[in-house]
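Colleague: sharing a model that was predicted from the sequence below.
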2 protein chains.
Amino acid sequence: MSGLPMTVSDPALPARVRIHEVGARDGLQNEKTAVPTDVKAEFVRRLAAAGLTTIEATSFVHPKWVPQLADAEELFPRVRDLPVRLPVLVPNERGLDRALALGAREVAVFASATESFAKANLNRTVDEALAMFEPTVTRAIESGLKVRGYLSMCFGDPWEGAVPVEQVVRVTKALADMGCDELSLGDTIGVATPGHVQALLTALNEAGVPTSRIAVHFHDTYGQALSNTLAALRHGVTTVDASAGGLGGCPYAKSATGNLATEDLVWMLDGLGIETGVDLAALTATSVWMAEQLGRPSPSRTVRALSHKE
Amino acid sequence: MSGLPMTVSDPALPARVRIHEVGARDGLQNEKTAVPTDVKAEFVRRLAAAGLTTIEATSFVHPKWVPQLADAEELFPRVRDLPVRLPVLVPNERGLDRALALGAREVAVFASATESFAKANLNRTVDEALAMFEPTVTRAIESGLKVRGYLSMCFGDPWEGAVPVEQVVRVTKALADMGCDELSLGDTIGVATPGHVQALLTALNEAGVPTSRIAVHFHDTYGQALSNTLAALRHGVTTVDASAGGLGGCPYAKSATGNLATEDLVWMLDGLGIETGVDLAALTATSVWMAEQLGRPSPSRTVRALSHKE
């Protein structure tokens, strides 16, 4: 099947998209058992070799909360010299200290758009969580780091249902004002649809958050991730979060599927002539290899289709 | 999770979409073993009760070729009085005679955009196949029937790779000129991307085929079906083929996934405030019931998410 997907550009869409690859962090932190450090390091190396330029490597959350990534100190030095951006998640100043000690150049904090999830995930109100992040973000910036702000439950919440756009704008704006240079809007339970995506992006612009600082992070729980991504691209978004092989998900949305699979995204972007720098065949081979390590097939439809032996 | 998906309309999209439900025909003809006629009749009744208004019921292909639908004569009289449109597939004049004898009011013929698939599926060249359909279509129209023309391999072909847009336009135009009132553009192997969809629709308009006569039929083999549907809606398409629970697929594209799942489509259309008349909960319950009959879970992400027991 040569020449597929056929490339037909759309001048209304960006010429280039940067994929923020979250499989090694967001994917592996949701595995039941920890993946060996050797496998994680090899995974990150293979992702970089496949052309991904931003690979979220691990999380400096306390091992008690995320035992799957308890080896952050061991893993990070083994990948930090790769010629790619390697952000790491830091929940607080203690996490930032650990990341700084290892030479991390980019960090991310993880806020919630809803009170219910802030309570469940951080045992704080939304504003208490923001107050906790503020010194972390300030010190990270003073230390010369780039800081990404994740915002979860931006479209729906398992306890609260639909999340009002104004509520998301308020928290996003707070993270932007704090100094986060990138805001990643998470549809943690995968319920968004394209009009909702456009409405949130427009409201953020009106509140003074430019599209250039926004990333989108869609989950495929209801099969909507890629059409929502298309709506975001049409709005001008050029940073898209995805997870190689569709690894990961949200423990609060107990369906089989989680993150948008990087391969499904790259298939669409390749077809649209949007540059990513990613070699789809190499990336698919990486996800097939990772699926073997994990002992179960990738949920990515593109990985399944391309790796199927006729 | 009340109020989900949140409804946010996009004025650039149609206000209403008619879903052409293909699960009972395209889905069940790809099952390894035939489903009992009782189950098929109950499936069609449940689909109608869930609000689907166009349900492709069966196929009057020779039982030697599609033994799964060999019970068309038995099935059709059991559903034909439902207050919905019930098109049936007819491969030739013999099939049309059988459909007419049973009181079918709508039929569909099945052409190929590529020589390779025409050869594999019909053992004819593209033009020989069109010549075979011509008397069938003419007689159907003379008998007062509506006729849909399916066109497979409109974007890619497993033997030929990418399919030139002009080639698809030529065959679609031939079916339109023959008198087919609706043309269903099939991405049989699921390789299309949104720019390619736009390009084909534009080229068809330029060749004199109006968007109002076009339906889209996407497969989810590479996870692209819903974003391609969004591109088609943006172009003005208002008829979308889908299969309840994602039943079916193409025997020539041996991946796990086939047709766009009606539930994934309805989730997006509900979120976009686009009317379909479909009750998503009733439809999902139907697909869960059908999955029990077939003994395996639905591949639809929305069905999985909505039927998951927390």
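Modeller: Received it, and whenever you're ready, just let me know what you need. Remember, it's a predicted structure, so these values are computed and weren't measured experimentally.
Colleague: all strands of the stretch 151-300 of chain A, in order?
Modeller: Under the criterion DSSP state E, counting those that start in this stretch, strands of the stretch 151-300 of chain A are mapped to A:156-157, A:161-162, A:182-187, A:214-218, A:239-242.
Colleague: of those, which is nearest chain B?
Modeller: Chain B sits nearest to strand A:161-162 of all the strands of the stretch 151-300 of chain A, at 3.8 Å, using Cβ to the nearest Cβ. C-beta: built from backbone N, CA, C; applies to glycine.
Colleague: hmm, back to that, A:Leu89 is nearest to which of the strands of the stretch 151-300 of chain A?
Modeller: Smallest distance to A:Leu89 across these (Cβ to Cβ): 11.2 Å, for strand A:182-187.
Colleague: what residues does that closest one touch?
Modeller: Contacting residues not belonging to strand A:182-187 are listed as A:20, A:108, A:146-156, A:168, A:172, A:175-176, A:200, A:204, A:209, A:213-219, A:224-225, A:228, A:239, A:241 [Cβ atoms under 8 Å, 6 or more residues apart in numbering or on different chains].
Colleague: quick one: contacts for the closest residue to A:His235 other than its chain neighbours?
Modeller: Distances taken as Cβ to Cβ, 6 or more residues apart in numbering or on different chains place A:Leu201 nearest to A:His235, at 4.6 Å, with adjacent residues excluded. By Cβ under 8 Å, 6+ apart, the contact list for A:Leu201 reads A:211, A:214, A:232, A:235, A:237.
Colleague: try 10 Å
Modeller: Applying Cβ atoms under 10 Å, 6 or more residues apart in numbering or on different chains to A:Leu201 gives the contacts A:165, A:185, A:209, A:211, A:214, A:216, A:231-232, A:234-237.
Colleague: and the longest helix for chain A?
Modeller: Counting by DSSP state H, the longest helix found in chain A is helix A:126-142.
Colleague: name the helices or strands packed onto that helix?
Modeller: helix A:93-101, strand A:106-112, helix A:115-122, strand A:146-152, helix A:165-178 (3 or more Cβ pairs under 10 Å, 6 or more residues apart in numbering or on different chains; DSSP states H and E).
Colleague: does A:Leu4 fall in a helix, a strand, or a coil region?
Modeller: Of the three states, A:Leu4 takes coil under DSSP: H, G, I helix; E, B strand; the rest coil.
Colleague: how many neighbouring residues does it have?
Modeller: When neighbours are defined as other Cβ atoms under 10 Å in any protein chain shown, A:Leu4 has 21 of them.
Colleague: how near is A:Ile55 to chain B?
Modeller: 22 Å (Cβ to the nearest Cβ, to the nearest Å).
Colleague: mind checking how far that residue is from A:Leu247?
Modeller: Distance of A:Ile55 to A:Leu247, computed by Cβ to Cβ, to the nearest Å: 13 Å.
Colleague: who touches the residue nearest to A:Gly245 when sequence neighbours are not counted in this structure?
Modeller: Leaving aside its sequence neighbours, A:Gly245 sits nearest to A:Ser287 (Cβ to Cβ, 6+ apart; 3.2 Å). Shown in contact with A:Ser287 (Cβ under 10 Å, 6+ apart): A:23, A:43, A:46-47, A:50, A:243-247, A:261-263, A:297-298, A:300, A:302-304, A:306-307.
Colleague: same deal with A:Ala231?
Modeller: So A:Ala231 contacts A:192-199, A:201, A:216, A:218, A:224, A:237, B:10, B:227, B:230, B:234, B:272 (Cβ under 10 Å, 6+ apart).
Colleague: please go through the contacts of strand A:182-187 and note which also touch chain B.
Modeller: A:155-156, A:200, A:219, A:224-225, A:228 (Cβ under 10 Å from any Cβ of the partner chain).
Colleague: closest to chain B out of the residues you listed?
Modeller: Using Cβ to the nearest Cβ, these come closest to chain B at A:Gly156, 4.9 Å.
Colleague: count of neighbours near the nearest residue in space to that closest one that is not next to it in sequence?
Modeller: Once flanking residues are discounted, A:Gly156 sits nearest to A:Val191: 3.8 Å by Cβ to Cβ, 6+ apart. Neighbours of A:Val191 under the rule other Cβ under 10 Å: 29.
Colleague: roughly how far does A:Val191 sit from B:Glu182?
Modeller: Taken as Cβ to Cβ, the span from A:Val191 to B:Glu182 is 32 Å.
Colleague: so, low pLDDT: which residues of the stretch 1-150 of chain A?
Modeller: Across the stretch 1-150 of chain A, the ranges flagged by pLDDT under 70 are A:1-2.
Colleague: recalculate using a threshold of 90.
Modeller: A:1-3, A:30-34, A:65, A:121-122 (pLDDT under 90).
Colleague: contacts only, for A:Ala70.
Modeller: So A:Ala70 contacts A:34, A:37, A:58-59, A:61-64 (Cβ under 10 Å, 6+ apart).
Colleague: which members of the residues you listed are positioned in strands?
Modeller: With strands defined by DSSP state E, the entries of the contacts of A:Ala70 inside them are A:58-59.
Colleague: re earlier: okay, the residue nearest to A:Gly156: pLDDT?
Modeller: A:Val191 is assigned a predicted lDDT (pLDDT) of 97.
Colleague: can you name the residue of the stretch 101-250 of chain A nearest to chain B?
Modeller: For the stretch 101-250 of chain A, Cβ to the nearest Cβ, closest residue to chain B: A:Thr193, 2.5 Å.
Colleague: that residue - nearest residue in space that isn't next to it in sequence?
Modeller: B:Gly271 (2.5 Å).
Colleague: surely A:Thr172 is in contact with A:Ser152?
Modeller: No - taking Cβ atoms under 10 Å as the definition, A:Thr172 is not a contact partner of A:Ser152, at 11.5 Å.
Colleague: mind checking how far the closest residue to A:Ser112 other than its chain neighbours is from A:Met132?
Modeller: Once flanking residues are discounted, A:Ser112 sits nearest to A:Ala118: 4.1 Å by Cβ to Cβ, 6+ apart. Distance of A:Ala118 to A:Met132, computed by Cβ to Cβ: 10 Å.
Colleague: same check, this time on A:Lys64
Modeller: A:Lys64 is 17 Å from A:Met132, by Cβ to Cβ.
Colleague: of those two, which one has the most company?
Modeller: Per other Cβ under 10 Å, whichever of A:Lys64 and A:Met132 has more neighbours is A:Met132, with 16 against 7.
Colleague: right, and the more buried one touches A:Leu96 too?
Modeller: No - using Cβ under 10 Å, A:Met132 is not in contact with A:Leu96; the gap is 11.6 Å.
Colleague: could you pull out the residues contacting both of those two?
Modeller: With Cβ under 10 Å, 6+ apart as the test, A:Met132 and A:Leu96 both reach A:Val109.
Colleague: in the stretch 201-310 of chain A, what residue comes closest to chain B?
Modeller: For the stretch 201-310 of chain A, Cβ to the nearest Cβ, closest residue to chain B: A:Gly271, 2.5 Å.
Colleague: my guess is that residue contacts B:Gln198. True?
Modeller: No - A:Gly271 is beyond contact range of B:Gln198, at 11.2 Å (criterion: Cβ under 10 Å).
Colleague: got any residues that touch both of the two?
Modeller: A:8, B:228.
Colleague: the more surrounded of the two?
Modeller: Just comparing A:Gly271 and B:Gln198: by other Cβ under 10 Å the higher neighbour count belongs to A:Gly271, 27 against 19.
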